[in-house]
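Colleague: no FASTA, just this:
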(Lines give C-alpha, C1' and ligand atoms only; values in the text may rest on other atoms or scores of the structure.)
Protein backbone atom coordinates (compact mmCIF):
# COMPACT_ATOMS: atom_id res chain seq x y z
CA UNK A 1 0.00 0.00 0.00
CA UNK A 2 1.36 3.43 -0.89
CA UNK A 3 2.09 5.74 2.08
CA UNK A 4 -0.44 8.41 1.05
CA UNK A 5 -3.16 5.76 0.65
CA UNK A 6 -2.45 4.41 4.13
CA UNK A 7 -2.65 7.89 5.66
CA UNK A 8 -5.98 8.63 3.98
CA UNK A 9 -7.37 5.27 5.11
CA UNK A 10 -6.26 5.90 8.70
CA UNK A 11 -7.84 9.35 8.68
CA UNK A 12 -11.14 7.94 7.41
CA UNK A 13 -11.21 5.28 10.19
CA UNK A 14 -10.51 7.86 12.89
CA UNK A 15 -13.20 10.16 11.52
CA UNK A 16 -15.76 7.37 11.41
CA UNK A 17 -15.18 6.16 14.99
CA UNK A 18 -14.96 9.51 16.78
CA UNK A 19 -18.25 11.20 17.62
CA UNK A 20 -16.67 14.54 18.43
CA UNK A 21 -13.15 15.59 19.41
CA UNK A 22 -13.08 18.30 22.07
CA UNK A 23 -10.77 21.27 21.90
CA UNK A 24 -8.03 21.35 24.56
CA UNK A 25 -9.29 22.91 27.78
CA UNK A 26 -8.34 26.54 28.34
CA UNK A 27 -5.61 27.02 30.93
CA UNK A 28 -7.43 29.62 33.00
CA UNK A 29 -10.12 30.01 35.62
CA UNK A 30 -12.78 30.58 32.96
CA UNK A 31 -15.64 28.05 33.07
CA UNK A 32 -15.36 25.28 30.48
CA UNK A 33 -16.86 21.92 29.59
CA UNK A 34 -15.82 19.59 26.76
CA UNK A 35 -17.34 16.32 25.60
CA UNK A 36 -16.57 13.41 23.32
CA UNK A 37 -18.59 10.31 22.47
CA UNK A 38 -16.41 7.23 23.00
CA UNK A 39 -18.94 4.63 21.83
CA UNK A 40 -22.18 4.55 19.88
CA UNK A 41 -24.31 1.49 19.04
CA UNK A 42 -22.65 -0.32 16.14
CA UNK A 43 -19.14 1.00 16.81
CA UNK A 44 -16.35 -1.60 16.75
CA UNK A 45 -18.81 -4.31 15.72
CA UNK A 46 -20.88 -4.14 18.92
CA UNK A 47 -24.64 -3.62 19.01
CA UNK A 48 -24.54 -1.90 22.41
CA UNK A 49 -22.34 -0.36 25.11
CA UNK A 50 -23.03 0.17 28.81
CA UNK A 51 -21.64 0.48 32.37
CA UNK A 52 -18.96 3.21 32.48
CA UNK A 53 -16.08 3.31 34.96
CA UNK A 54 -13.36 5.95 34.81
CA UNK A 55 -10.25 6.51 36.94
CA UNK A 56 -7.44 9.08 36.90
CA UNK A 57 -4.15 7.35 37.71
CA UNK A 58 -1.06 8.54 39.53
CA UNK A 59 0.87 9.13 36.29
CA UNK A 60 -1.81 11.53 35.00
CA UNK A 61 -3.33 9.04 32.57
CA UNK A 62 -7.03 8.24 32.35
CA UNK A 63 -8.49 4.74 32.23
CA UNK A 64 -12.05 4.28 30.90
CA UNK A 65 -13.55 0.78 31.21
CA UNK A 66 -17.02 -0.45 30.26
CA UNK A 67 -19.18 -3.30 28.95
CA UNK A 68 -19.12 -4.21 25.28
CA UNK A 69 -22.58 -5.73 24.93
CA UNK A 70 -22.03 -7.34 21.58
CA UNK A 71 -25.46 -8.65 20.62
CA UNK A 72 -28.03 -6.87 22.81
CA UNK A 73 -28.23 -4.44 25.73
CA UNK A 74 -29.18 -7.02 28.38
CA UNK A 75 -27.20 -7.82 31.54
CA UNK A 76 -25.50 -11.10 32.34
CA UNK A 77 -25.82 -13.94 31.54
CA UNK A 78 -25.53 -12.45 28.04
CA UNK A 79 -22.25 -12.66 26.10
CA UNK A 80 -20.46 -9.46 27.20
CA UNK A 81 -16.83 -8.33 26.94
CA UNK A 82 -15.13 -5.75 29.15
CA UNK A 83 -13.06 -3.25 27.18
CA UNK A 84 -10.89 -0.26 28.04
CA UNK A 85 -9.37 2.85 26.53
CA UNK A 86 -6.59 5.08 27.88
CA UNK A 87 -5.85 8.78 27.52
CA UNK A 88 -2.64 10.63 28.36
CA UNK A 89 -3.97 14.15 27.62
CA UNK A 90 -6.96 14.44 30.00
CA UNK A 91 -9.32 12.92 27.46
CA UNK A 92 -8.56 15.09 24.42
CA UNK A 93 -7.63 11.87 22.61
CA UNK A 94 -8.06 8.18 23.39
CA UNK A 95 -6.42 4.91 22.47
CA UNK A 96 -8.34 2.37 20.45
CA UNK A 97 -10.44 -0.03 22.59
CA UNK A 98 -8.63 -3.04 24.00
CA UNK A 99 -10.24 -6.14 25.52
CA UNK A 100 -9.69 -6.62 29.24
CA UNK A 101 -11.62 -9.91 29.24
CA UNK A 102 -13.67 -11.51 26.47
CA UNK A 103 -17.00 -13.24 26.93
CA UNK A 104 -17.20 -16.75 25.53
CA UNK A 105 -20.93 -17.05 24.91
CA UNK A 106 -24.16 -16.78 26.84
CA UNK A 107 -23.56 -17.71 30.47
CA UNK A 108 -19.84 -17.08 30.03
CA UNK A 109 -19.74 -13.31 29.75
CA UNK A 110 -18.39 -10.58 32.05
CA UNK A 111 -19.67 -7.15 33.04
CA UNK A 112 -20.04 -4.27 35.51
CA UNK A 113 -16.39 -3.22 35.93
CA UNK A 114 -15.20 -1.28 38.99
CA UNK A 115 -11.75 0.32 39.35
CA UNK A 116 -9.31 1.31 42.06
CA UNK A 117 -5.60 2.15 42.16
CA UNK A 118 -3.67 0.65 45.06
CA UNK A 119 -1.01 2.45 47.09
CA UNK A 120 1.68 0.45 45.25
CA UNK A 121 0.41 1.74 41.87
CA UNK A 122 -1.34 -1.45 40.76
CA UNK A 123 -4.79 -0.97 39.24
CA UNK A 124 -7.51 -3.46 40.14
CA UNK A 125 -10.64 -4.10 38.09
CA UNK A 126 -13.42 -6.08 39.78
CA UNK A 127 -16.36 -7.33 37.74
CA UNK A 128 -19.12 -9.92 37.56
CA UNK A 129 -19.12 -13.05 35.43
CA UNK A 130 -21.23 -15.93 34.14
CA UNK A 131 -24.78 -16.25 35.52
CA UNK A 132 -27.23 -13.39 35.96
CA UNK A 133 -27.64 -11.91 39.43
CA UNK A 134 -31.21 -12.97 40.16
CA UNK A 135 -30.69 -16.40 38.58
CA UNK A 136 -27.57 -17.11 40.64
CA UNK A 137 -27.45 -20.36 42.63
CA UNK A 138 -24.86 -22.21 44.68
CA UNK A 139 -24.42 -24.64 41.79
CA UNK A 140 -24.35 -21.95 39.08
CA UNK A 141 -23.40 -18.63 40.68
CA UNK A 142 -22.76 -15.18 39.39
CA UNK A 143 -19.08 -14.73 40.25
CA UNK A 144 -17.00 -11.75 41.37
CA UNK A 145 -13.67 -11.64 39.53
CA UNK A 146 -10.59 -9.44 39.80
CA UNK A 147 -7.90 -8.60 37.25
CA UNK A 148 -4.74 -6.66 38.10
CA UNK A 149 -2.65 -4.28 36.03
CA UNK A 150 0.92 -3.47 37.08
CA UNK A 151 1.47 -1.02 34.19
CA UNK A 152 -1.29 1.58 34.71
CA UNK A 153 -3.96 -0.25 32.75
CA UNK A 154 -2.00 -1.20 29.64
CA UNK A 155 -2.10 -4.95 30.27
CA UNK A 156 -4.04 -7.15 32.67
CA UNK A 157 -3.54 -10.36 34.63
CA UNK A 158 -5.63 -13.51 34.56
CA UNK A 159 -8.76 -13.52 36.72
CA UNK A 160 -8.91 -14.20 40.45
CA UNK A 161 -12.27 -15.39 41.79
CA UNK A 162 -13.35 -13.46 44.91
CA UNK A 163 -16.90 -14.84 45.19
CA UNK A 164 -16.24 -16.87 48.33
CA UNK A 165 -15.12 -13.73 50.17
CA UNK A 166 -18.69 -12.41 49.94
CA UNK A 167 -20.98 -15.44 50.30
CA UNK A 168 -21.15 -19.23 50.37
CA UNK A 169 -23.79 -21.94 50.72
CA UNK A 170 -24.11 -21.35 54.48
CA UNK A 171 -24.34 -17.54 54.38
CA UNK A 172 -28.06 -17.07 53.70
CA UNK A 173 -27.25 -15.54 50.31
CA UNK A 174 -26.99 -16.93 46.79
CA UNK A 175 -25.48 -14.21 44.60
CA UNK A 176 -23.41 -11.02 44.71
CA UNK A 177 -21.76 -8.45 42.50
CA UNK A 178 -19.68 -5.32 43.03
CA UNK A 179 -21.17 -2.00 41.93
CA UNK A 180 -19.54 -0.66 38.77
CA UNK A 181 -17.61 2.62 38.73
CA UNK A 182 -15.00 3.37 41.37
CA UNK A 183 -13.88 1.53 44.46
CA UNK A 184 -12.14 3.43 47.25
CA UNK A 185 -8.63 3.68 48.65
CA UNK A 186 -8.41 5.15 52.13
CA UNK A 187 -5.86 7.91 52.61
CA UNK A 188 -6.37 8.93 56.26
CA UNK A 189 -6.03 7.36 59.68
CA UNK A 190 -4.98 3.88 60.82
CA UNK A 191 -6.40 2.16 57.72
CA UNK A 192 -4.68 4.34 55.11
CA UNK A 193 -3.99 2.29 51.99
CA UNK A 194 -6.97 -0.02 52.52
CA UNK A 195 -8.99 -0.60 49.34
CA UNK A 196 -12.75 -1.17 49.47
CA UNK A 197 -15.60 -2.10 47.14
CA UNK A 198 -19.32 -2.17 47.91
CA UNK A 199 -21.22 -5.34 46.98
CA UNK A 200 -24.92 -6.10 46.61
CA UNK A 201 -25.68 -9.57 48.02
CA UNK A 202 -28.93 -11.43 47.22
CA UNK A 203 -30.90 -13.01 50.09
CA UNK A 204 -31.96 -16.63 49.77
CA UNK A 205 -35.55 -16.99 48.60
CA UNK A 206 -36.10 -13.24 48.28
CA UNK A 207 -35.76 -10.60 45.60
CA UNK A 208 -33.96 -8.43 48.15
CA UNK A 209 -30.30 -7.41 48.38
CA UNK A 210 -28.17 -6.29 51.31
CA UNK A 211 -24.93 -4.34 51.04
CA UNK A 212 -21.57 -5.46 52.35
CA UNK A 213 -18.09 -4.09 51.78
CA UNK A 214 -15.08 -6.18 50.82
CA UNK A 215 -11.69 -4.73 51.68
CA UNK A 216 -7.99 -5.48 51.42
CA UNK A 217 -4.99 -4.19 53.38
CA UNK A 218 -2.36 -5.70 51.06
CA UNK A 219 -3.17 -4.17 47.68
CA UNK A 220 -5.81 -6.73 46.78
CA UNK A 221 -3.94 -9.97 47.49
CA UNK A 222 -6.17 -11.01 50.39
CA UNK A 223 -9.69 -9.84 51.22
CA UNK A 224 -12.18 -9.61 54.09
CA UNK A 225 -15.92 -8.95 54.22
CA UNK A 226 -17.50 -6.33 56.47
CA UNK A 227 -20.54 -6.57 58.65
CA UNK A 228 -23.76 -5.63 56.86
CA UNK A 229 -23.59 -1.99 55.74
CA UNK A 230 -27.16 -1.51 54.52
CA UNK A 231 -30.27 -3.69 54.60
CA UNK A 232 -32.49 -3.89 51.51
CA UNK A 233 -30.07 -1.95 49.31
CA UNK A 234 -28.61 -2.37 45.83
CA UNK A 235 -25.60 -0.96 43.94
CA UNK A 236 -23.63 1.25 46.32
CA UNK A 237 -20.62 3.59 46.33
CA UNK A 238 -18.09 4.62 48.96
CA UNK A 239 -16.28 7.84 49.85
CA UNK A 240 -13.84 8.76 52.64
CA UNK A 241 -14.72 11.74 54.82
CA UNK A 242 -12.12 14.14 56.19
CA UNK A 243 -12.11 12.46 59.61
CA UNK A 244 -11.52 9.02 58.06
CA UNK A 245 -15.16 7.91 58.28
CA UNK A 246 -16.35 5.83 55.31
CA UNK A 247 -19.69 6.92 53.82
CA UNK A 248 -21.76 4.51 51.70
CA UNK A 249 -24.43 5.77 49.27
CA UNK A 250 -26.97 3.13 48.29
CA UNK A 251 -29.24 2.78 45.28
CA UNK A 252 -32.93 2.78 46.18
CA UNK A 253 -36.15 3.81 44.48
CA UNK A 254 -37.03 7.08 46.19
CA UNK A 255 -34.76 8.64 48.80
CA UNK A 256 -31.15 7.58 48.38
CA UNK A 257 -29.79 5.48 51.26
CA UNK A 258 -26.63 5.97 53.31
CA UNK A 259 -24.65 4.69 56.28
CA UNK A 260 -21.27 5.39 57.92
CA UNK A 261 -18.37 3.36 59.26
CA UNK A 262 -15.79 4.74 61.70
CA UNK A 263 -13.45 1.74 61.60
CA UNK A 264 -12.45 1.61 57.94
CA UNK A 265 -15.53 -0.14 56.60
CA UNK A 266 -15.85 -3.18 58.88
CA UNK A 267 -18.73 -2.11 61.14
CA UNK A 268 -21.57 0.25 60.26
CA UNK A 269 -23.92 2.57 62.12
CA UNK A 270 -27.63 3.25 61.68
CA UNK A 271 -28.73 3.51 58.07
CA UNK A 272 -30.74 6.46 56.83
CA UNK A 273 -31.93 8.22 53.68
CA UNK A 274 -31.38 11.59 52.00
CA UNK A 275 -34.85 13.02 51.23
CA UNK A 276 -33.30 15.81 49.14
CA UNK A 277 -32.01 13.12 46.76
CA UNK A 278 -35.28 11.32 45.96
CA UNK A 279 -34.44 9.81 42.59
CA UNK A 280 -34.63 6.80 40.30
CA UNK A 281 -33.08 3.54 41.52
CA UNK A 282 -29.82 3.85 39.60
CA UNK A 283 -26.08 3.56 39.94
CA UNK A 284 -24.15 6.81 40.40
CA UNK A 285 -20.81 8.00 41.75
CA UNK A 286 -19.36 10.02 44.63
CA UNK A 287 -16.22 12.13 44.32
CA UNK A 288 -14.23 14.28 46.72
CA UNK A 289 -13.44 17.60 45.06
CA UNK A 290 -11.55 19.10 48.03
CA UNK A 291 -11.64 19.11 51.83
CA UNK A 292 -14.98 20.93 51.89
CA UNK A 293 -16.80 19.61 48.81
CA UNK A 294 -18.23 16.25 47.82
CA UNK A 295 -19.99 15.54 44.52
CA UNK A 296 -22.61 12.89 43.77
CA UNK A 297 -23.85 11.98 40.26
CA UNK A 298 -27.28 10.39 39.78
CA UNK A 299 -30.37 10.84 37.55
CA UNK A 300 -32.25 13.77 39.10
CA UNK A 301 -35.62 12.21 38.33
CA UNK A 302 -37.81 9.26 39.21
CA UNK A 303 -37.04 8.10 35.66
CA UNK A 304 -33.69 7.21 34.12
CA UNK A 305 -33.09 10.69 32.79
CA UNK A 306 -31.41 14.00 33.56
CA UNK A 307 -28.18 12.70 35.11
CA UNK A 308 -26.99 15.51 37.36
CA UNK A 309 -24.22 16.29 39.85
CA UNK A 310 -25.25 17.16 43.43
CA UNK A 311 -22.96 18.93 45.89
CA UNK A 312 -22.42 18.48 49.63
CA UNK A 313 -20.51 20.97 51.78
CA UNK A 314 -21.18 19.16 55.07
CA UNK A 315 -19.44 15.82 54.46
CA UNK A 316 -22.49 14.09 53.05
CA UNK A 317 -24.99 15.15 55.70
CA UNK A 318 -27.05 16.76 52.92
CA UNK A 319 -26.95 17.41 49.19
CA UNK A 320 -27.94 20.45 47.14
CA UNK A 321 -27.54 22.47 43.93
CA UNK A 322 -27.89 19.73 41.27
CA UNK A 323 -26.18 20.59 37.98
CA UNK A 324 -27.75 18.99 34.91
CA UNK A 325 -25.19 17.03 32.90
CA UNK A 326 -27.38 15.07 30.47
CA UNK A 327 -30.84 16.33 29.57
CA UNK A 328 -33.20 13.52 28.65
CA UNK A 329 -32.66 9.75 28.89
CA UNK A 330 -29.40 8.96 30.73
CA UNK A 331 -28.42 6.32 33.25
CA UNK A 332 -25.13 5.21 34.90
CA UNK A 333 -22.21 7.58 35.45
CA UNK A 334 -18.70 7.59 36.88
CA UNK A 335 -16.48 10.51 37.96
CA UNK A 336 -12.80 11.06 38.67
CA UNK A 337 -10.60 13.99 39.68
CA UNK A 338 -7.86 14.73 37.15
CA UNK A 339 -4.36 15.79 38.13
CA UNK A 340 -5.03 19.40 37.06
CA UNK A 341 -8.10 19.70 39.32
CA UNK A 342 -10.67 19.28 36.55
CA UNK A 343 -13.33 16.59 36.66
CA UNK A 344 -13.66 13.65 34.28
CA UNK A 345 -17.21 12.35 33.86
CA UNK A 346 -18.14 9.14 31.99
CA UNK A 347 -21.86 8.60 31.41
CA UNK A 348 -24.52 6.62 29.56
CA UNK A 349 -26.81 8.68 27.34
CA UNK A 350 -29.82 7.18 25.55
CA UNK A 351 -30.99 9.70 22.94
CA UNK A 352 -32.33 6.97 20.64
CA UNK A 353 -33.06 4.23 23.17
CA UNK A 354 -29.72 2.42 23.04
CA UNK A 355 -26.80 3.65 25.15
CA UNK A 356 -24.02 5.89 23.96
CA UNK A 357 -21.00 6.38 26.26
CA UNK A 358 -19.79 9.98 26.58
CA UNK A 359 -16.79 11.49 28.31
CA UNK A 360 -17.10 15.02 29.71
CA UNK A 361 -14.41 17.19 31.23
CA UNK A 362 -15.26 20.35 33.14
CA UNK A 363 -13.77 22.60 35.78
CA UNK A 364 -15.04 23.75 39.12
CA UNK A 365 -15.90 27.18 37.76
CA UNK A 366 -18.29 25.64 35.23
CA UNK A 367 -19.90 23.49 37.92
CA UNK A 368 -20.38 26.41 40.30
CA UNK A 369 -21.75 28.64 37.55
CA UNK A 370 -24.42 26.10 36.64
CA UNK A 371 -25.67 25.11 40.09
CA UNK A 372 -29.40 25.31 40.66
CA UNK A 373 -29.80 27.22 43.92
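Modeller: Everything's here; your move. Please read these numbers as outputs of a predicted model, since none were measured by experiment.
Colleague: C-alpha from now on. contacts and neighbour counts both.
Modeller: Fine.
Colleague: which parts of the stretch 51-200 of the chain are helices?
Modeller: For the stretch 51-200 of the chain, applying DSSP state H, counting those that start in this stretch gives helices covering 163-166.
Colleague: nope, the stretch 201-350 of the chain is what I meant
Modeller: Using DSSP H, counting those that start in this stretch, no helices are found in the stretch 201-350 of the chain.
Colleague: the spatially closest residue to residue 76 that is not a sequence neighbour: how many residues sit nearby?
Modeller: Nearest residue to residue 76 in three dimensions, chain neighbours excluded: residue 132, at 4.6 Å (Cα to Cα, 6 or more residues apart in numbering). Residue 132: 22 surrounding residues under other Cα atoms under 10 Å.
Colleague: count the residues that sit near residue 291.
Modeller: So residue 291, with other Cα under 10 Å, has 10 neighbours.
Colleague: identify the residues contacting residue 145.
Modeller: By Cα atoms under 8 Å, 6 or more residues apart in numbering, the contact set of residue 145 is 126-129, 159-163.
Colleague: actually residue 211, not the one I typed
Modeller: Here residue 211 is in contact with 198-201, 228-236 (Cα under 8 Å, 6+ apart).
Colleague: just the ones of the contacts of residue 145 in strands?
Modeller: 126-129, 160-161 (DSSP state E).
Colleague: nearest to residue 295 among those residues?
Modeller: residue 126 (23.1 Å; Cα to Cα).
Colleague: sorry, back to before: could you dump the ones in strands among the contacts of residue 145 to JSON lines with neighbour count, distance to residue 268 and pLDDT?
Modeller: Output for these, formatted as JSON lines (neighbours: other Cα atoms under 10 Å; distance: Cα to Cα, whole Å; pLDDT from 0 to 100):
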{"residue": "126", "neighbour count": "28", "distance to residue 268": "23", "pLDDT": "99"}
{"residue": "127", "neighbour count": "24", "distance to residue 268": "24", "pLDDT": "99"}
{"residue": "128", "neighbour count": "28", "distance to residue 268": "25", "pLDDT": "98"}
{"residue": "129", "neighbour count": "27", "distance to residue 268": "28", "pLDDT": "98"}
{"residue": "160", "neighbour count": "13", "distance to residue 268": "28", "pLDDT": "98"}
{"residue": "161", "neighbour count": "16", "distance to residue 268": "26", "pLDDT": "98"}
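Colleague: now distance to residue 50 too, for the residues you listed, in a markdown table please.
Modeller: Converted to a markdown table, those look like this (distance: Cα to Cα, whole Å):
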| residue | distance to residue 50 |
| --- | --- |
| 126 | 16 |
| 127 | 13 |
| 128 | 14 |
| 129 | 15 |
| 160 | 23 |
| 161 | 23 |
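Colleague: my read: residue 333 touches residue 282, true?
Modeller: No: with contact defined as Cα atoms under 8 Å, residue 333 does not reach residue 282; the gap is 9.4 Å.
Colleague: okay if I get the contacts of residue 211 as a markdown table plus distance to residue 269?
Modeller: A markdown table is the format used below for the contacts of residue 211 (distance: Cα to Cα, whole Å):
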| residue | distance to residue 269 |
| --- | --- |
| 198 | 16 |
| 199 | 17 |
| 200 | 18 |
| 201 | 19 |
| 228 | 10 |
| 229 | 8 |
| 230 | 9 |
| 231 | 12 |
| 232 | 15 |
| 233 | 15 |
| 234 | 18 |
| 235 | 19 |
| 236 | 16 |
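Colleague: and the residues you listed, which are buried?
Modeller: Neighbour counting by 16 or more other Cα atoms under 10 Å classes 198-201, 228-236 among these as buried.
Colleague: show only the entries of those found in strands.
Modeller: Filtering the buried ones among the contacts of residue 211 for strands - DSSP E - leaves 198-201, 230-233, 236.
Colleague: contacting residues for the closest residue to residue 71 other than its chain neighbours?
Modeller: Leaving out its chain neighbours, the residue that sits closest to residue 71 by Cα to Cα, 6+ apart is residue 47, at 5.3 Å. Shown in contact with residue 47 (Cα under 8 Å, 6+ apart): 41, 69-73.
Colleague: if you set the cut-off to 7 Å instead, what comes out?
Modeller: When contacts are counted by Cα atoms under 7 Å, 6 or more residues apart in numbering, residue 47 touches 41, 69-72.
Colleague: now do the same for it: its pLDDT.
Modeller: Note for residue 47: predicted pLDDT of 96.
Colleague: what about it, distance to residue 333?
Modeller: Relative to residue 333, residue 47 is positioned 20 Å away (Cα to Cα, to the nearest Å).
Colleague: then residue 98?
Modeller: Distance, residue 98 to residue 333, by Cα to Cα: 21 Å.
Colleague: the more surrounded of these two?
Modeller: Taking neighbours as other Cα under 10 Å, residue 98 and residue 333 compare with residue 333 leading, 32 against 14.
Colleague: can I assume the more buried one is in contact with residue 347?
Modeller: Yes: Residue 333 lies in contact with residue 347 (Cα atoms under 7 Å); the separation is 4.2 Å.
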